[in-house]
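> Any chance you can model this:
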Amino acid sequence: MSEQTQTSSNESTATPTGETFTIRPTTPEDRSWIVSILHRYWASEQIYAKGRVLDASTLPGFAAFRGDTPVGLITYFIEDDSCEIVTHNSMTDSGGIGSCLLAEVRREARNNGCTRLWLMTTNDNTPALRFYQRRDFDLVALHHNSVHDGRQLKRSIPDRGHADIPIRHEIELEYKL
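You can find the predicted model right below:
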């Protein structure tokens, strides 16, 4: 995929050649639709990963838009030299939105001196496992039966997920920067 990145004074965009969407950093004014997207895809703005819960609606992120309509969102959390992708959603199944959002976070992580970009997903999320491995993320840990503990912190985590697979484990993926 060919990507073009343009930066203006307050806005950053990245789109594949020929696409009709733009990407920019999220702002506090975006919070209402961000909360709506998080509830739609994550059942809450509270996101559980690796023994803790983060409020993804308050995290920095990037959003993809077609006109004024949000069509993608990625949120992240930087701590020390590590950048965690907390949520990542494209409202379309193709067209480069997810890849462009990921490219923006990679760039942001590098600009902040991070040496590691990582995320957690659950064992049922085969689309995410496929997406990230195709983009050079490596499987680095299986947190066996950790979702049981996660349900104590976030009760809305369902018992079953994609393709009716029981949700039991977290899988950690990373990309070395």
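> Low-confidence stretches in this protein?
1-19 (pLDDT under 70).
> most residues in a single helix of it, which one?
helix 97-111 (DSSP state H).
> and that helix, which residues are buried?
Buried positions in helix 97-111, judged by neighbour count with 16 or more other C-beta atoms under 10 Å: 97-109. Every residue, glycine included, has its C-beta placed from N, CA and C.
> likewise stretch 24-43?
24, 26, 30, 34, 37-38, 42.
> Check the protein for its longest strand and report it.
strand 69-79 (DSSP state E).
> Show residues contacting that strand.
With C-beta atoms under 8 Å, 6 or more residues apart in numbering as the test, strand 69-79 has contacts from 21, 23, 26, 30, 33-34, 37, 54, 56, 59-65, 83-92, 97-98, 100-102, 104-105, 108-109, 112, 114.
> tell me which element the nearest residue to L153 once chain neighbours are set aside is part of?
Once flanking residues are discounted, L153 sits nearest to V53: 5.1 Å by C-beta to C-beta, 6 or more residues apart in numbering. Using DSSP states H and E, V53 maps to strand 52-55.
> Much appreciated, bye for now.
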